[in-house]
Structures are given as C-alpha cells and as structure tokens.
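Enquirer: Fold the stuff below for me.
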Amino acid sequence: MGRASTKKPTDRQLEELSSVFAALSEPSRLKLVRALMGGPKTVNALAEAVGLKQGNVSKHLSVLAAASIVAREQEGNFARYSILDPRVFELCRIMCESGRGASR
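Expert: This next block holds a predicted model:
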C-alpha cells in the first residue's frame, strides 16, 4: 500500500469534507448509501429497501445530493438516484473495518 499523502488539505477542501461527513452522520442516509451500492434506484425502491417513507427518503436524498454524494437522473415521472463518487463506498469500508460502529 502506498504512503499517505503529506500534502495538507486547503480550507476549501476541509469545508467540502466536512459537508460529506455531516451528510453521512445520519444512519438513515448511510442506509441509503448502502442500498445504492447495488446500483441506481428510484425513491420508491429506496424507501422499500431501507424501510422509510418516501417523504423521508426524499429529504435524506436532498442532503446527500447537496453534499455531492448522490446524483439524480430524471426518467419520465421517476427520478433515479445513484452514487456520484464511488469513493464513498471505500470511505464506508475503511470506517467499518476500523471497528468503529461495530458491536462490542
């Protein structure tokens, strides 16, 4: 594995990173990200997958979109959501493997 970069992030980069972490700090939004690991889905499919009402799913998706985590593509009467940057999966994997959030 390569060495970690020693280049310090800019203030702008830290602000963007903070936005991503804030968006991912809600368990329901993490569940939506997990559901999108299998590929793009509609709000209805996501609501069913995570057990939330459509209105709540839409609110959470708006937060994820504002943080540039998900993309929205309109298909007729439906909107399909997908992960904008697949590195979010790597971030989740790193945190899960670190033991954070694991039952102890």
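Enquirer: buried set for stretch 21-33?
Expert: 23, 24, 29, 30, 31, 32, 33 (16 or more other C-beta atoms under 10 Å). To be clear about C-beta, it is placed using only N, CA and C from the backbone, and glycine gets the same treatment.
Enquirer: the strands in the protein, which residues?
Expert: 41-42, 70-75, 78-83 (DSSP state E).
Enquirer: The first one: partners in the sheet, and parallel or antiparallel?
Expert: Sheet pairing of strand 41-42 (DSSP bridges) gives strand 78-83 (antiparallel).
Enquirer: Now do the buried residues in the partner strand.
Expert: 80, 81, 83.
Enquirer: middle-most residue in this protein, spatially?
Expert: residue 33 (4.3 Å; C-alpha atoms, centre = their mean).
Enquirer: Now that one. Nearest residue, chain neighbours left out?
Expert: residue 88 (6.2 Å; C-beta to C-beta, 6 or more residues apart in numbering).
Enquirer: so who does residue 54 touch?
Expert: Going by C-beta atoms under 8 Å, 6 or more residues apart in numbering, residue 54 touches 43, 44, 47.
Enquirer: do residue 68 as well
Expert: Contacts of residue 68 (C-beta under 8 Å, 6+ apart): 16, 19, 20, 84, 85.
Enquirer: Kindly recompute the last result at 10 Å.
Expert: By C-beta atoms under 10 Å, 6 or more residues apart in numbering, the residues touching residue 68 are 16, 19, 20, 23, 84, 85, 88.
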